[in-house]
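Asks: Can you look at this prediction? I've put the sequence above it.
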Amino acid sequence: MSSTTMSAQAGNNSSGPPDVLARGTRVTAPDIAVVVLYLIVTVGIALWSMLKHHQSSAQSYFLAGRNMNWILVGGSLFSSNIGSEHFIGLAGSGAATGIAVAGYEWNSLFIIALLGWLFVPVYLASGVYTVPEYLHRRFNSRRLRVYATVLSLLMYVLTKISVDVYAGALFIQQSLDWNLFLSVAVLIIITGFFTLTGGLRAVMVMDTMQTVLMVIGALVVAIRSFHVIGGVEGLFEKYPQAITTIGNQSVVEKCGKPPSDALHMIRGPETADFPWPGFGGIFIASIWYWCTDQVIVQRCLAAESLSHAKGGCVVTMFLKILPMFLIVMPGMISRVLNPDTVGCADPIICQQVCESQSGCSNTAYPQLVLGLMPAGLRGLMLSVMVAALMSSLTSVFNSSSTIFTMDVWRNLRKDASQKELMVVGRITVLVMVVVSIAWIPFVKGAQGAQLFIYIQFISGRITPTMAAIFLLAILWTRTTEQGAFWGAMCGTAVGLIRLILDFIYPKPTCPTIDTRPDVIKLHFLYFNIILFVSVGIVTVVVSLFTEPLSEQSIARLTWWTRHSTVEYLQENPEAADTEAPSPPMELSALNGTGPSKSRILQETSEIGPWYKRLWRAMLGLEESKRSTETQPGDKHVLHETRRDQIILNIAAVTACVTVTILWIYYR
């Protein structure tokens, strides 16, 4: 431990509020230089990508070229998932409750395999661009498409954009001692440029670069942290003793100690944190996030082929093993080194330390970085946080604008020009940013100041419904539009009622006695399971009492019919304006995925000064003349060589076996 941190802690044994960090450990000039260098390089790459790949049409901006290899797919998947909220929230939950929160990361390996081996083949065979579009085609239902669109945008605001911005702003606040909302404004300005330039191709390339930066930076911090604490053994020995010594002693004695089961992954069924029967609830929430969320699915649809999509999933599976050791355990180390700040229990002290009465565990990772890392490396980690924020926000912005523009605006204005669609996409982003910033105060004090648990808490009220509908849509051909719709309506109504009740009866802070009704105190992971099963039952019952869809109307839209050669037939007149899924044995320009070869000859107009062309390119108004010559593909859209299948299957099984062994070891 550095002398400055120790001296700060020594001074904190008095009754007054502790200084969050020794003043000498704030960001210095060398750190700022590293961050500026990173931003210059990143901006340069964005400009190069924007000028090389003109975003002159909605397709080029929203869909890229659908020719990304497995490295870019895997890097972008991981970077889109591991945002600043993970460095802040996951480390914070580790500091507050121990290692069990890593179960979310390790459980996701099995769901990512489900994405690559079950969901992606169906999405590719159906020829869709967005997840809501899949529901439209599967059930010939515009109302389900609108429902999925609205729900996705709502989740982006509640659990992605607002959380990412808050987490990144919190790190800047801790680093530079700025006001939280000033930090938010700075982050919005930084990401605004990348939002304007946009384009899925540029986003995925930047995501992959930032994945490398995040892993290297987090690895440096983890090595330094374990060296200071004495390795994993030293952490497990000292963490139970990381008890705050300041504030109201009665509060400290009840609320200032780490949980008794903090060093176990598998915990009792009645624990307030991660009960083992609730693992089913984690799987359900993960199905929505990894298999039906546009941000994730869009990256798999951009893959060059099904093999590359699966390869990207395998890369992500192995990377998802790392957060336990690179984020969760360093968060626990931060509490050991800073028990009076990270582990504060008295609401009055917490308010003075981090401006939140719910607790300051979210400051665990910033305090660790600023307290242990030397000048220069602190700048590297600040760059990592900016990279994590930018990768997550640009991914969400691109996906949300895609969903609204393609699934809502294009249906409202079928004759909308390419320029109009581009402008609408960018306006959508601006609106979502404003709404997300307005939601930040609710994020700030939610769920005992554990940001990661807040995400799971909100998701658990809404996402089980989507998970049930999509699983039945893909796996059960008998599912009907009426069954899916009423299942979705019932599940959403119950979830929203529970969410409203949660805000009416907020969880009291320790040591206040919890007097809420028993139905409100039901753990959110248990609620996930109950809601998921209920929606499934409603959907199945209604489907059995309604007329089934014909074989032609579900061709290439379920797991069992993904290879069907039956001609697609739309039964519902309201879906007549939607293009039919292309046959899997022949790729079309619509699908654009796989080895189908397209030669595009592009001649871009360069009329006017460079700065005018740059401005028009940023707004997606740069004109280009294109002539396209398409040669029929010689491979199946779902084609995989035997060699690729064997390698990918072995790699996926290896990742799942590895994480199972780790589960058993840390049980």
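Replies: That came in fine, so what should we check first?

Asks: Which strands and helices lie in contact with the strand or helix carrying residue 467?
Replies: Element membership of residue 467 [criterion: DSSP states H and E] is helix 451-475. On a contact count with 3 or more Cβ pairs under 8 Å, 6 or more residues apart in numbering; DSSP states H and E, helix 451-475 meets helix 84-85, helix 91-97, helix 131-139, helix 142-155, helix 162-176, helix 279-287, helix 481-504, helix 524-544. (C-beta placed from N, C-alpha, C; glycine too.)

Asks: rerun at 7 Å
Replies: helix 84-85, helix 91-97, helix 142-155, helix 162-176, helix 279-287, helix 481-504, helix 524-544 (3 or more Cβ pairs under 7 Å, 6 or more residues apart in numbering; DSSP states H and E).

Asks: Let's have those in a markdown table, adding mean pLDDT, distance to residue 512 and mean neighbour count.
Replies: Output for the helices and strands packed on helix 451-475, formatted as a markdown table (pLDDT from 0 to 100; distance: least, Cβ to Cβ, whole Å; neighbours: other Cβ atoms under 10 Å):
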| stretch | mean pLDDT | distance to residue 512 | mean neighbour count |
| --- | --- | --- | --- |
| helix 84-85 | 74 | 27 | 30 |
| helix 91-97 | 91 | 17 | 31 |
| helix 142-155 | 88 | 30 | 20 |
| helix 162-176 | 73 | 25 | 25 |
| helix 279-287 | 89 | 26 | 22 |
| helix 481-504 | 92 | 16 | 18 |
| helix 524-544 | 95 | 19 | 20 |
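
Asks: With residue 428 as the reference, name the closest of the ones you listed.
Replies: When these are compared by Cβ to Cβ, helix 142-155 sits nearest residue 428, at 8.5 Å.

Asks: now the closest one against helix 451-475, angle please.
Replies: 160 degrees (axes from the mean of the first three to the mean of the last three Cα atoms, to 10 degrees).

Asks: Outside of helix 142-155 itself, list whatever touches it.
Replies: 131-133, 135-136, 294, 400, 403-404, 407-408, 462, 466, 484-485, 488, 574-575 (Cβ atoms under 7 Å, 6 or more residues apart in numbering).

Asks: let's see it at 8 Å
Replies: In this structure, residues lying in contact with helix 142-155 by Cβ atoms under 8 Å, 6 or more residues apart in numbering are 131-133, 135-136, 293-294, 400, 403-404, 407-408, 411, 432, 458-459, 462-463, 466, 481, 484-485, 488, 492, 574-575.

Asks: Kindly report the same for stretch 342-352.
Replies: Here stretch 342-352 makes contact (Cβ under 8 Å, 6+ apart) with 17-18, 95-96, 242-244, 246-248, 251-252, 254-256, 258, 334-335, 353-354, 356-361, 363-364, 367, 449, 509-510.

Asks: what does the average pLDDT come to for it?
Replies: For stretch 342-352, mean pLDDT is 85.

Asks: That stretch: end-to-end distance?
Replies: Stretch 342-352 has an end-to-end distance of 12 Å (Cα to Cα, to the nearest Å).

Asks: In that stretch, which residues are buried?
Replies: 342, 343, 344, 345, 346, 347, 349, 350, 352 (16 or more other Cβ atoms under 10 Å).

Asks: Let me know the closest of these to residue 110.
Replies: Nearest member of the buried residues of stretch 342-352 to residue 110, counting by Cβ to Cβ, is residue 342, at 31.6 Å.

Asks: helix/strand/coil for that closest one?
Replies: coil (DSSP: H, G, I helix; E, B strand; the rest coil).

Asks: Check residue 366 too.
Replies: helix.

Asks: Quick check: it vs residue 299, distance?
Replies: Distance, residue 366 to residue 299, using Cβ to Cβ, to the nearest Å: 29 Å.

Asks: The residue lying closest to residue 239 once chain neighbours are set aside: neighbour count?
Replies: Using Cβ to Cβ, 6 or more residues apart in numbering and skipping the chain neighbours, the partner closest in space to residue 239 is residue 332 (5.2 Å). Neighbourhood size, residue 332 [other Cβ atoms under 10 Å]: 30.

Asks: Which residues lie in contact with residue 332 in this structure?
Replies: So residue 332 contacts 94, 95, 98, 99, 235, 239, 242, 262 (Cβ under 8 Å, 6+ apart).

Asks: Is it within a helix or a strand, and which one?
Replies: helix 329-337.

Asks: Next SSE downstream of that helix?
Replies: By DSSP H and E, the next helix or strand past helix 329-337 is helix 347-354.

Asks: Report the angle between that next one and helix 162-176.
Replies: Using the same axes, to 10 degrees: helix 347-354 against helix 162-176 is 70 degrees.

Asks: can you give me the offset of helix 347-354 from its chain's centre?
Replies: 29 Å (Cα atoms, centre = their mean, to the nearest Å).

Asks: What of stretch 353-360?
Replies: Worked out by Cα atoms, centre = their mean, stretch 353-360 lies 25 Å from the chain centre.

Asks: what's the straight distance from one end of that stretch to the other?
Replies: End-to-end distance (Cα to Cα), stretch 353-360: 7 Å.

Asks: Next, the buried residues of it.
Replies: By neighbour count with 16+ other Cβ under 10 Å, stretch 353-360 contains the buried residues 353, 354, 356, 357, 358, 359, 360.

Asks: re earlier: how close does the residue nearest to residue 239 get to residue 237?
Replies: 12 Å.

Asks: Give me the secondary structure label for residue 244.
Replies: coil.

Asks: all helices for the stretch 501-650 of the chain, in order.
Replies: Using DSSP state H, counting those that start in this stretch, the helices of the stretch 501-650 of the chain run over 518-521, 524-544, 610-618, 642-665.

Asks: Against which helices or strands is the second one packed?
Replies: For helix 524-544, the contact count by 3+ Cβ pairs under 8 Å, 6+ apart identifies helix 279-287, helix 451-475, helix 481-504 as packing neighbours.

Asks: Now do the last one: everything it contacts.
Replies: Same thing as helix 481-504. With Cβ under 8 Å, 6+ apart, helix 481-504 has contacts from 135, 139-141, 143-144, 147, 151, 457-458, 461-462, 464-466, 468-469, 472-473, 519-520, 527, 531, 534-536, 538-544, 546, 549, 572.

Asks: what about residue 139, how many neighbours?
Replies: 27.

Asks: residue contacts, it?
Replies: Contacts of residue 139 (Cβ under 8 Å, 6+ apart): 473, 479, 480, 481, 484, 485, 549.

Asks: Residue 116 reaches residue 652, doesn't it?
Replies: Yes: using Cβ atoms under 8 Å, residue 116 is in contact with residue 652, at 7.4 Å.

Asks: Neighbour count for those two, which is higher?
Replies: residue 116 (27 against 22).

Asks: list the contacts for the nearest residue to that one once chain neighbours are set aside?
Replies: The shortest distance from residue 116 to any non-neighbouring residue, by Cβ to Cβ, 6+ apart, is to residue 313 (3.5 Å). Contact partners of residue 313, counting by Cβ under 8 Å, 6+ apart, are 73, 74, 77, 112, 113, 115, 116, 120, 300, 652.

Asks: Make CSV out of these and add secondary structure, distance to residue 416 and pLDDT.
Replies: Shown next, in CSV, are the contacts of residue 313 (DSSP: H, G, I helix; E, B strand; the rest coil; distance: Cβ to Cβ, whole Å; pLDDT from 0 to 100):
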residue, secondary structure, distance to residue 416, pLDDT
73, helix, 30, 92
74, helix, 35, 94
77, helix, 31, 92
112, helix, 36, 97
113, helix, 39, 96
115, helix, 32, 96
116, helix, 34, 95
120, helix, 29, 95
300, helix, 27, 90
652, helix, 41, 97
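
Asks: Among these, find me the one that's closest to residue 425.
Replies: Closest to residue 425, out of all of those and judged by Cβ to Cβ, is residue 300, at 21.0 Å.

Asks: Please list the residues outside stretch 517-530 that contact it.
Replies: 272, 274-275, 277-282, 284-285, 456-457, 460-461, 463-464, 498, 501-502, 505, 514.
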